[in-house]
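*Asks:* Predicted model and sequence follow; I will ask about them next.
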Amino acid sequence: MTETGSVIYAGFLRRTLATLIDLILLALLGSLLLYLLDLAELHAVSPPFERELMELTINSVLPLMLLTGFWMLLRATPGKLLCDCQVVSASTGEGINGSQTLLRLFGYLLNIATLGLGFLWLLFDRRAQGLHDKLAGSVVVVEDDALITIEQWLESYR
């Protein structure tokens, strides 16, 4: 966690935990949808290409759509909400707009393409911004600073 003035920026550990929660939830949702497709036996009547296209949509396109929707509507994904974080504009402190959302998503894809190097940028930035945050002009802030931080919680078990 990094603090600048009255703004507390979510640090690497808190954001990593939020991302892990999101990945688990997305995996559960994807598995459930694929299971329901199997129950409906759509693969029995659909050509293999259509089945693969459905799987690609569920495993790739749907998560990207959910990310953008959560960022714009709630300012956070479920994992970030559970970790008391919000994605806001670095210049205004308000929710990010449509172009910032798309730039942030593009930055996520770049981070993945570079095997996570853009995410590691969080460790060295004073506002804990990753590549995707820099591109979009966004920051992730802690909304409830009365709670114990993830870092403090981990330290209590050492």
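*Replies:* All right, it came through fine. Numbers count the residues shown, from 1 in each chain.
*Asks:* C-alpha only now, for contacts and for neighbours.
*Replies:* Noted.
*Asks:* Sketch out the strands for the protein, chain order is fine.
*Replies:* With DSSP state E applied, the chain shows strands at 2-4, 7-9, 85-89, 138-142, listed in chain order.
*Asks:* okay if I get the ones you listed as TSV plus mean pLDDT and mean neighbour count?
*Replies:* As requested, those are arranged in TSV below (pLDDT from 0 to 100; neighbours: other CA atoms under 10 Å):
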stretch	mean pLDDT	mean neighbour count
strand 2-4	54	13
strand 7-9	91	19
strand 85-89	96	23
strand 138-142	96	26
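*Asks:* In TSV, list these along with distance to residue 67.
*Replies:* Formatted as TSV, the entries for those read as follows, by distance: least, CA to CA, whole Å:
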stretch	distance to residue 67
strand 2-4	24
strand 7-9	20
strand 85-89	11
strand 138-142	14
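*Asks:* mind listing what residue 59 touches?
*Replies:* With contact set as CA atoms under 8 Å, 6 or more residues apart in numbering, residue 59 has these partners: residue 30.
*Asks:* Lowest mean pLDDT among the helices and strands of the protein, which one is it?
*Replies:* Of the helices and strands making up the chain, the lowest-confidence element is strand 2-4, at a mean of 54, by mean pLDDT, DSSP states H and E.
*Asks:* Surely residue 30 and residue 60 touch.
*Replies:* No - at 9.5 Å, residue 30 and residue 60 do not qualify as touching, with contact defined as CA atoms under 8 Å.
*Asks:* quick one, which of the two is more surrounded?
*Replies:* For residue 30 and residue 60, the more surrounded residue by other CA atoms under 10 Å is residue 30, and the numbers stand at 19 against 12.
*Asks:* Tell me the spacing between the more buried one and residue 55.
*Replies:* According to CA to CA, to the nearest Å, residue 30 stands 9 Å off from residue 55.
*Asks:* swap in residue 96?
*Replies:* According to CA to CA, residue 96 and residue 55 sit 30 Å apart.
*Asks:* Counting neighbours, go ahead and name the busier of the two.
*Replies:* Residue environment comparison for residue 96 versus residue 55 gives the larger neighbour count to residue 96, 24 against 17, counting by other CA under 10 Å.
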